[in-house]
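This is a predicted model, with the sequence first.
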Amino acid sequence: EVQLVESGGGSVQAGGSLTLSCTTSGFTFDDYVIAWFRRAPGKERERVSCIRPRDGATYYADSVKGRFTISRDIRKNTIYLQMSSLKPEDTAVYYCAAQAVGATKYNSWGQGTQVTVSS
């Protein structure tokens with residue numbers, strides 16, 4: 001069974017930092033792309049960043065480029081999202097999701113972790 005478990009959310013003031021973790025199990029890490037999405041109240045879900053563990057290739061949304069860093073620990077089957085220079089508009093529930101390489105959608109999701117940035 002594919003499982004993704006997020007942790008590391010919390011409350012922080014603008015300009016602060018947080019690191020989210022997504023611990024995965026039940027699938028071969030290298031055969032997937034792992035992404036971080038977020039959903040803010042009243043807004044559509046946004047893909048923030050993703051990584052292909054096999055080779056470390058990454059993607060960042062323009063809204064977070066230069067402030068967020070995605071990384072992976074292959075030994076721990078874990079993906080991290082380091083978030084710095086946080087803004088109130090980064091407030092959202094953050095989810096990690098897995099997409100099999102070659103698939104067209106993310107079909108495995110974690111339960112989400114809340115990030116709240118106050119001004």
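All right, it came through fine.

use CA for all of it now, contacts and neighbours both
Noted.

Next, count neighbours for Gly56.
Per other CA atoms under 10 Å, the neighbour tally for Gly56 reads 14.

Would you list the phi and psi of it?
phi 80, psi 10 (degrees, to the nearest 10).

Can you give me every residue that contacts Glu89?
Val117 (CA atoms under 8 Å, 6 or more residues apart in numbering).

I misspoke; the intended subject was Ser71.
Counting by CA under 8 Å, 6+ apart, Ser71 has contacts 51, 56, 79-81.

just the strands in this protein please.
3-7, 10-13, 18-25, 32-39, 46-52, 57-60, 68-73, 78-83, 92-100, 108-109, 113-118 (DSSP state E).

what residue is smack in the middle of the chain?
In the chain, the C-alpha nearest the mean C-alpha coordinate belongs to Trp36, at 2.5 Å (CA atoms, centre = their mean).

Against Glu46, how distant is the closest residue to that residue other than its chain neighbours?
Spatial nearest neighbour of Trp36, excluding adjacent residues (CA to CA, 6 or more residues apart in numbering): Cys96 at 4.5 Å. Counting by CA to CA, to the nearest Å, the gap from Cys96 to Glu46 is 11 Å.

beta partners of Ser25?
Gln3 (DSSP bridges).

What is the burial count for it?
Neighbours of Ser25 (other CA under 10 Å): 14.

Check the spacing between it and Ala92 real quick.
25 Å.

got any ranges where this protein has weak pLDDT?
Nowhere does the chain drop to pLDDT under 70.

Right, I'll leave it there.
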